[in-house]
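Trainee: After the sequence you'll find the predicted model.
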Amino acid sequence: MADNVIMINGKEYEAESLDDQQKYFIRQIQSCQAKAEHLAFEHSQVTTAQNAYTKALIELLETEAEEEVEAV
């Protein structure tokens, strides 16, 4: 079964043949991979929000500058 085979450095290992410490490391690696994916997703959200706020601030500052010039 493909679900019970783990590929590491191009070599296949039967999950049932791994000892508890090896299984623990695999779970840790899987957890790290999931966290890395989640962090990448959050980074994308934060970057998008930062860009939107920056754009809004620039537009606000430019509008205020234009209004000051027109008032003069």
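Mentor: Happy to help now that I have it. Numbering: from 1, shown residues only.
Trainee: Can you get me a residue count around Lys23?
Mentor: By other CB atoms under 10 Å, 13 other residues sit near Lys23. (Glycine included, C-beta is placed from N, CA and C.)
Trainee: Surely it is within a helix?
Mentor: Yes - counting by DSSP: H, G, I helix; E, B strand; the rest coil, Lys23 is found in a helix.
Trainee: Let's test this: mean pLDDT of the helix or strand harbouring Thr54, rounded?
Mentor: Using DSSP states H and E, Thr54 maps to helix 20-71. Mean pLDDT, computed over helix 20-71, is 95.
Trainee: if I look at Ala49, how far off is Asp19?
Mentor: Counting by CB to CB, to the nearest Å, the gap from Ala49 to Asp19 is 45 Å.
Trainee: Ile29 too?
Mentor: Counting by CB to CB, the gap from Ile29 to Asp19 is 15 Å.
Trainee: Please identify which of the two sits among more neighbours.
Mentor: Legend: neighbour count by other CB under 10 Å for Ile29 and Asp19, higher for Ile29 (12 against 7).
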